[in-house]
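Colleague: build me a model from this:
(2 chains)
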Amino acid sequence: MNQMQQSAPTVRRIPDRLDNPLKSALFSWQTLLLLVAVAIFVANSLASPYFLSPWSLSDATFNFTEKALIALAMALLIISGEIDLSVAAIIALASTAMGFALQFGADTPVLVAIGIGTGLACGAFNGFLVTRLGLPSIVVTIGTMSLFRGIAFIVLGDQAFKGYPASFAFFGQGYVWWVISFEFVLFLAAALIYYVLLHRTNFGRRIFAIGNNQVAAQFSGVRVGRVKFVLFCLAGLMSGIAAVLLTSRLGSTRPSIAQGWELEVITMVVLGGVSIIGGAGSITGVVIAAFIMGLVTFGLGLLNVPGIVMSIVIGALLILVIALPIVYRLVRRR
Amino acid sequence: MSRLVRTREIWLLLAIVAMIAAITLRTPSFASPENLAGIFNNTAILIILALGQMVVIITRSIDLSMASNLALSGMIVALLSSAYPDLPAPLLMAIAAASGLALGALNGLLVWKLDIPSIVVTLGTLTIYRGSNFLISGGTWVNADELGPAFIQTTRVELVGLPLLSWFAIVIAIGFFVLMTRTPLGRSIYAIGVNPVAAVYAGINVGRTKFIAFCISGLVAGFSGFLWVSRYVIASVETANGYELSVIAACVIGGVSIAGGIGTVGSALLGALFLGVITSALPVINVSPFWQMAISGAAIILAVILNARGERKKGRIILKRAEHGA
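Modeller: The predicted structure follows:
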């Protein structure tokens, strides 16, 4: 849309030098997000005396690392023009599978393998339906969302799996060093991997190519179906990992586990500047957005604001952050 | 196109009839008129919501905020009714509908004026409306003994053998049928779904038509808020939580194409009834209600696969016709 406005028939000025990189970086989405994140951080520190302690900040990370792990894969999927609404249901099914294996005496390594494997299988199922049968991903994943969580409900009903081994608790509750949790380290490592994958590899280029123009990508020799299939598998894989972390942190499995997470994950991705229609976005933005959501939720929690009111803030943030640049552009045009 | 859609609808109708017949073999009372009327009555709200969602989906948009809108509008009238028990039901109905319309118009304005994708807008308003529900109610429930008697009675009054709730669904379905097939607005809605660029050249304001579509879905969601509270005699923050997905599922199973432009009143109606029959059939055949979610998920996936087949065939038929013409 921006380009269309620029190509309006006015006097064409050719700049004698390309855009100042510093200036363009200053007005970018990431900078805006970073400012928001800093503002929230400062506001939190002022609002609550308990916020600025290493252990509180460490606790704050638990609020978003599991969702943010999925958001990394979701960002790639949305950039390629697809979406996966079933991620939270995959967590439920993977967690149920782990609990089921537990009943037969599976120990920690087996549990982890089953959790991650179930996630991967679910992602591959989504990918198969979308890429092989050519179905729209939004409807397919609404369907598999019901199907996966439905299976968890069939297995568990109103019961819960409990009694995970003590060594299993490390993934969601353990600390690598001082206040640095295992989850947080895993998230940082995953963010780095996804950054390299999206911004520094051919595979990442192909994702952008598909999102911008799928037909052109196809004719340029990109195997669109295969790339998308891999992306769905990645979303499933990350959901499986999140399932291991969450199950380990909660120490039990209920079929309603992680209910509604898909919306929070997508909010994170869109807030991070990934275009919902595909073709644009960055991992840096998603990571900052994850911190923003984590800080808002944790800061409001310290102030005893109920979770549902926080969701108003998150929802408003989502719309505002997207609407403000558009409004700004509209006003400036007048 | 219309012939193809109609055959789809006939298949879906046959599937529903077959399902009822199969269950009746085990439990003869299942197909009794009273029971079928009961199933229809239980599905009435889903039908009304699916019709509203259908209009939005045809315009290539989606309204994820319908269930939150329903809950918020329902809570507003429930609180009003508990504060002023003498308020007449028609007034409460109008207030719920107006509240829903306003919330839908907010969605529509953001989509129209700021050109934000509808999935983002309604994802945001989904949580905002649900949270506002908590803010106005303070997280408490409004129970049967706090609601005015006129409120509770509204959906239960029997008229020619059917409860008023069923009649609302029937009248609204007829209204949607007239809107979609007999008015310029209905034509515009299909036009911008089939080909938005061509619609612009035909003089249709795409943004404004989407805005109206969101107003319609908001209006029916708000009105359903009244019906929901009257039917289930409770209003809470959790009212209809996650129900937006059942509504979309009903549309998809009925054959409304998520890519826009395809869908009829009959398809949304049958899609909702399909889910309704499954819901009421499970306890009858002694299947735990926990199966319902997985079954409706499988039904959605199956329906999308069939839809995709149908839409692919459509292209071939057009080509054949062109050959005959030449």
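
Colleague: show me which residues of the stretch 151-300 of chain B sit near chain A.
Modeller: By Cβ under 8 Å from any Cβ of the partner chain, the residues of the stretch 151-300 of chain B that approach chain A are B:237, B:242, B:245, B:248-249, B:252, B:258-259, B:288, B:290-300. For glycine as for every other residue, the C-beta is placed from the backbone atoms N, C-alpha and C.

Colleague: can you select the buried ones among the residues you listed for me in PyMOL?
Modeller: To isolate the buried subset of those in PyMOL, counting by 16 or more other Cβ atoms under 10 Å in any protein chain shown, use the following:
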select buried, chain B and resi 237+245+248+249+252+258+290+291+292+293+294+295+296+297+298+299+300
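
Colleague: okay, and which of the residues of the stretch 151-300 of chain B next to chain A map to strands?
Modeller: If you go by DSSP state E, those have nothing in strands.

Colleague: run through chain A and note the low-pLDDT ranges.
Modeller: A:1-27 (pLDDT under 70).

Colleague: tell me which stretches of it form strands.
Modeller: Applying DSSP E to chain A gives strands spanning A:161-162, A:175-177, A:180-181, A:252-253.

Colleague: go on, chain B?
Modeller: Along chain B, the segments classed as strands by DSSP E run B:158-159, B:162-163.

Colleague: nearest to A:I154, out of these?
Modeller: Nearest of the strands of chain B to A:I154, taken as Cβ to Cβ: strand B:162-163 at 32.6 Å.

Colleague: name the helices or strands packed onto that closest one?
Modeller: Under the contact criterion of 3 or more Cβ pairs under 8 Å, 6 or more residues apart in numbering or on different chains; DSSP states H and E, strand B:162-163 touches helix B:33-58.

Colleague: in the helix it packs on, what counts as buried?
Modeller: Neighbour counts over helix B:33-58 (16+ other Cβ under 10 Å) mark B:35, B:39-58 as buried.

Colleague: whether that helix contacts chain A - can you check?
Modeller: No - Helix B:33-58 stays clear of chain A (Cβ under 8 Å from any Cβ), getting no nearer than 10.0 Å.

Colleague: could you check how far that helix is from the centre of its chain?
Modeller: Distance, stretch centre to chain centre, for helix B:33-58: 7 Å (Cα atoms, centre = their mean, to the nearest Å).

Colleague: who are the packing partners of it?
Modeller: Secondary elements touching helix B:33-58 (3+ Cβ pairs under 8 Å, 6+ apart): helix B:66-83, strand B:162-163, helix B:164-182, helix B:184-194, helix B:206-232, helix B:243-254, helix B:265-284.

Colleague: leaving out the residues flanking it, which one is nearest to residue 222?
Modeller: Because you didn't say which chain, this covers chain A. Distance criterion Cβ to Cβ, 6 or more residues apart in numbering or on different chains; nearest residue to A:V222, sequence neighbours excluded, is A:R206 at 4.8 Å.

Colleague: you answered for a different chain; I wanted chain B.
Modeller: Closest to B:G222 by Cβ to Cβ, 6+ apart is B:G100, at 1.4 Å.

Colleague: burial measure for that neighbour, as a count.
Modeller: Using other Cβ atoms under 10 Å in any protein chain shown, B:G100 is surrounded by 29 other residues.

Colleague: does it touch B:S68 like I think?
Modeller: No - in this structure B:G100 lies outside contact range of B:S68 using Cβ atoms under 8 Å: 10.7 Å.

Colleague: what does B:S236 show for phi and psi?
Modeller: Torsion angles at B:S236 (phi, psi; degrees, to the nearest 10) stand at phi -140, psi 180.

Colleague: please report how far it lies from B:R130.
Modeller: 11 Å (Cβ to Cβ, to the nearest Å).

Colleague: who's more crowded, those two?
Modeller: For the pair B:S236 and B:R130, the greater number of neighbours falls to B:R130 (25 against 21), based on other Cβ under 10 Å.

Colleague: I'd say the more buried one and B:V237 touch.
Modeller: Yes - look at B:R130 against B:V237 with Cβ under 8 Å: they come within range, at 7.1 Å.

Colleague: joint contacts of these two?
Modeller: Shared contacts of B:R130 and B:V237 (Cβ atoms under 8 Å, 6 or more residues apart in numbering or on different chains): A:I308, B:A71.

Colleague: now do the contacts for A:L72.
Modeller: Applying Cβ under 8 Å, 6+ apart, we find A:L72 in contact with A:A190, A:A191, A:Y194, A:M238, A:I283, A:V286.

Colleague: just to revisit the earlier point, surely the residue nearest to A:V222 meets A:V227?
Modeller: Yes - here A:R206 reaches A:V227: they are 5.3 Å apart, a contact under Cβ under 8 Å.

Colleague: residue of the stretch 151-300 of chain A closest to chain B, please.
Modeller: Nearest to chain B, among the residues of the stretch 151-300 of chain A, is A:F153, at 4.2 Å (Cβ to the nearest Cβ).

Colleague: mind checking how far that residue is from B:P33?
Modeller: 32 Å.

Colleague: same thing with B:I23?
Modeller: With distances taken as Cβ to Cβ, B:I23 is found 15 Å from B:P33.

Colleague: and for B:I128?
Modeller: To B:P33, B:I128 is 44 Å away according to Cβ to Cβ.

Colleague: what do you get for B:G124?
Modeller: Going from B:G124 to B:P33 by Cβ to Cβ gives 45 Å.

Colleague: same check, this time on A:I322
Modeller: Note on A:I322: its distance to B:P33, by Cβ to Cβ, is 52 Å.

Colleague: do the same with B:A268
Modeller: B:A268 is 24 Å from B:P33, by Cβ to Cβ.

Colleague: and B:P88, by the same measure?
Modeller: According to Cβ to Cβ, B:P88 and B:P33 sit 32 Å apart.

Colleague: what does the stretch 1-150 of chain A put close to chain B?
Modeller: Residues of the stretch 1-150 of chain A found near chain B (Cβ under 8 Å from any Cβ) are A:1, A:129, A:133-136, A:138-140, A:142-150.

Colleague: of those, buried ones?
Modeller: Among the residues of the stretch 1-150 of chain A next to chain B, the ones that count as buried by 16+ other Cβ under 10 Å are A:129, A:135-136, A:138-140, A:142-150.

Colleague: among these, which one sits closest to A:L271?
Modeller: Closest to A:L271, out of all of these and judged by Cβ to Cβ, is A:I138, at 19.2 Å.

Colleague: now the closest one. Nearest residue, chain neighbours left out?
Modeller: A:I83 (5.5 Å).

Colleague: so what's the one you found up against?
Modeller: Contacts of A:I83 by Cβ under 8 Å, 6+ apart are A:M74, A:L77, A:S137, A:I138, A:T141, A:I266.

Colleague: got a list of what the last one touches?
Modeller: Spelled out, it's A:I266. Going by Cβ under 8 Å, 6+ apart, A:I266 touches A:M74, A:I78, A:I83, A:L85, B:L123.

Colleague: again with the first one
Modeller: Counting by Cβ under 8 Å, 6+ apart, A:M74 touches A:I83, A:D84, A:V87, A:A235, A:V265, A:I266, A:M268, A:V269.

Colleague: run the last query once more with 6 Å
Modeller: Applying Cβ atoms under 6 Å, 6 or more residues apart in numbering or on different chains, we find A:M74 in contact with A:V265, A:V269.

Colleague: which stretches of chain B have low pLDDT?
Modeller: Ranges of chain B meeting pLDDT under 70: B:1-6, B:310-326.

Colleague: again, only using 80
Modeller: Low-confidence segments of chain B (pLDDT under 80): B:1-8, B:307-326.

Colleague: returning to that earlier point: from the residues of the stretch 151-300 of chain B next to chain A, which land in helices?
Modeller: B:245, B:248-249, B:252, B:291-300 (DSSP state H).
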